[in-house]
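next input, structure requested:
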Amino acid sequence: MEKMTSTERNDLRSLIRQRARLMKTEIKQRRLELMSDFERQLSANFSYDQDETWKGAHSIAEQAVKDAQVVIEERCRELQIRKEFAPTISMMWFGRGENAVKDRRTELRITAKARLDVLEAAAKTEIERISVDAQTNLVVDGLTSEAAQAFLEQMPSIETLLPALEVNQVQELMEKGDR
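Residues are numbered from 1 along each chain as shown. As a prediction, this is how the structure comes out:
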């Protein structure tokens, strides 16, 4: 395979950078779409009559409440409790579950945003990695000397730059007062 010309490499490098910028913009848009979908899920309200199983269960529960109310009313008559003071029983359908509670929605939003922060950062890092790898391949294609190729190999790894933490190392730092 023949080598690219310098102009071709420069054109491709420019195009790679433009694509990387576009992908980062698309990541921001995707994040907004994901958050919007999350908010839609969070605010969903389910009516008992939108599902046949729920509708049947609701009907059974309504009948049980009516039957229980009859028993309560009979006992109130026996105890001579006036109707306006008599206890009653009722049934409620909660169509939002725990998402009806503001604090729970806030907690879920915070967690969703934190997760999206991580996903967005990872996506941007991957875009940068792809861009740099492609640009590196373009540069390598134009390198002619062994010295230039050796220079390119000198970059340290991420693991070298930011090594893993060991618990005993952290404990030693705490004991020394170095945080």
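
what's the weakest-modelled helix or strand in the protein?
Every helix and strand of the chain was ranked by mean pLDDT, DSSP states H and E. The lowest is helix 146-152, at a mean of 84.

following element in sequence after that helix, please.
Using DSSP states H and E, the helix or strand that directly follows helix 146-152 along the chain is helix 158-161.

now do the least confident helix or strand of the chain: distance to the chain's middle.
How far helix 146-152 lies from its chain's middle: 42 Å, per CA atoms, centre = their mean, to the nearest Å.

name the helices or strands packed onto that helix?
helix 102-142 (3 or more CB pairs under 8 Å, 6 or more residues apart in numbering; DSSP states H and E). Backbone N, C-alpha and C define where each C-beta goes, glycine included.

return the distance of the helix it packs on from the chain's centre.
12 Å.

mind listing residues that contact stretch 3-11?
12, 138, 139, 141, 142 (CB atoms under 8 Å, 6 or more residues apart in numbering).

for stretch 16-33, same thing?
Stretch 16-33 is contacted by residues 116, 119, 120, 123, 124, 127, 128, 130, 131, 134, 135, 138 when judged by CB under 8 Å, 6+ apart.
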